[in-house]
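K.L.:
This is a predicted model, with the sequence first.
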Amino acid sequence: MGVDMSEEIKQSRVGKSPVPLVGVQVTLSGRDVTVKGPKGVSQRTLPRGVEVEKTADELVIHISGRSRQARAMQGLVRALLNNMVVGCSKGFERKLEITGVGYRADSKGGNTLLFQLGYSHPIMFELPAGVTAEVARDNSIMLRSHDKELLGKAAAKIRSFRPPEPYKGKGIRYADEHIIRKAGKAAAR
């Protein structure tokens, strides 16, 4: 005799675990959640079917209703809230490496980067608000932000200027990215 699953509401494994609040202030206002911390302020509107309960030192995510959509959103909302808390307390960083003869990046004051990537023209890139960049002498760029989504978009845009090619590995790549190299024409002989 098995358990009747129609009676029991299945919950996401990720969504069941609470989000610890360390060094941040969380404000709940209807479906809007605001997180304030030393690194910045993040705000997000929660989807329907998901409710957040704030206790003294953690956030607990509950589903309101039995819909499949609500159950699917529980883990997503928990991950998004955790990213907001971690970003506002510690921040996120992403490192990009530039490989290639003559390829380089320079910081042009404020939040503008200038790239020389083998094209006939330099590429100017204005960083979005909330993202800072630090260009090192070894041709690497360290991007930092309190918003993980915004940081990922900025890093992907910079990488798209000259994606790494498989023969010599030239281009812009993430520091933790592994490029699968191909043999050239000389190896085919």
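P.N.:
Good, I have the coordinates.
K.L.:
Show me what the lengthiest strand in the chain is packed up against.
P.N.:
In the chain, taking DSSP state E as the definition, the longest strand is strand 92-99. Contact partners of strand 92-99 among helices and strands, from 3 or more Cβ pairs under 8 Å, 6 or more residues apart in numbering; DSSP states H and E: strand 140-145, helix 148-160, strand 171-174. For the C-beta atoms, the positions are set from N, CA and C on the backbone; glycine is no exception.
K.L.:
chain center to stretch 156-172, what's the gap?
P.N.:
Centroid separation between stretch 156-172 and its chain, computed with Cα atoms, centre = their mean, to the nearest Å, is 19 Å.
K.L.:
Output the below-cut-off pLDDT ranges for this structure.
P.N.:
Along the chain, the parts satisfying pLDDT under 70 run over 1-12, 187-189.
K.L.:
the domain parsing of it - what is it?
P.N.:
Split into domains by automatic domain parsing, the chain comes to 13-89, 92-186.
K.L.:
Highest mean neighbour count out of those?
P.N.:
Ranked by mean neighbour count, the domains of the chain are led by domain 13-89 with a mean of 16 (mean count of other Cβ atoms under 10 Å).
K.L.:
Mind putting the helices and strands packed on strand 92-99 into TSV with distance to His62?
P.N.:
Shown next, in TSV, are the helices and strands packed on strand 92-99 (distance: least, Cβ to Cβ, whole Å):
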stretch	distance to His62
strand 140-145	30
helix 148-160	24
strand 171-174	36
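K.L.:
Endpoints of stretch 155-167, how far apart?
P.N.:
Using Cα to Cα, to the nearest Å, the end-to-end distance of stretch 155-167 comes to 23 Å.
K.L.:
list the helices and strands the longest helix along the chain packs on?
P.N.:
For the chain, the helix that runs over the most residues, judged by DSSP state H, is helix 68-89. Helix 68-89 is packed against helix 13-16, strand 19-20, strand 32-37, strand 40-45, strand 50-54, strand 58-63, helix 148-160, with contacts defined by 3+ Cβ pairs under 8 Å, 6+ apart.
K.L.:
Distance to Val131 added to those, as CSV?
P.N.:
Converted to CSV, these look like this (distance: least, Cβ to Cβ, whole Å):
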stretch, distance to Val131
helix 13-16, 27
strand 19-20, 24
strand 32-37, 17
strand 40-45, 11
strand 50-54, 27
strand 58-63, 25
helix 148-160, 5
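K.L.:
Of all those, which one comes closest to Ser89?
P.N.:
Nearest of these to Ser89, taken as Cβ to Cβ: strand 32-37 at 4.6 Å.
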